[in-house]
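[1] no FASTA, just this:
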């Protein structure tokens with residue numbers, strides 16, 4: 001990349017699935033990007049990490065779980081690059097994990113909640129509008 005085109009941020013994002021529902025976190029109002037919006041669990045890939053390593057780290061840091069089985073299902077581009085900078089979001093479905101129930105750790109989220117696909121798709125304050133399409137696409141595969 002040339003000096004005038006910075007590398008996009010890369011993020012690993014987890015869609016935890018259980019009993020026909022997905023877990024979302026309400027981003028803290030103090031967050032610079034997408035404050036007070038419902039979002040999937042995850043965060044930026046750090047230097048020297050793979051996307052998969054970042055996924056495992058972020059899920060444990062944010063909600064105290066250790067994914068056992070995960071599959072990448074989509075890659076999304078930041079919908080507002082002029083405002084938020086360029087970013088690529090790698091979305092993974094997680095169906096199995098260790099650690100029991102998810103619990104908020106730290107202050108990145110103000111709330112965690114399980115939603116049906118229909119409920120999540122109707123949320124007006126989703127961080128990325130592309131999530132609706134992703135959520136609907138996984139509905140048939142939930143058990």
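    The structure has been received and is ready for your questions. All figures in this text were calculated on a predicted structure; none of them were measured in a lab.
[2] quick one: average pLDDT of the longest helix seen in the chain?
    Longest helix of the chain, by residue count under DSSP state H: helix 51-63. Averaging pLDDT along helix 51-63 yields 97.
[3] Pull out the buried positions in the following helix or strand past that helix.
    Per DSSP states H and E, the first helix or strand lying C-terminal to helix 51-63 is strand 66-77. Of all the residues in strand 66-77, those buried under the rule 16 or more other CB atoms under 10 Å are 67, 70, 74, 76. Heads up, the C-betas are built off the backbone N, CA and C, glycines and all.
[4] Adding distance to residue 20 and pLDDT, write the residues you listed out as CSV.
    Formatted as CSV, the buried residues of strand 66-77 follow (distance: CB to CB, whole Å; pLDDT from 0 to 100):
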residue, distance to residue 20, pLDDT
67, 19, 97
70, 18, 95
74, 20, 96
76, 23, 96
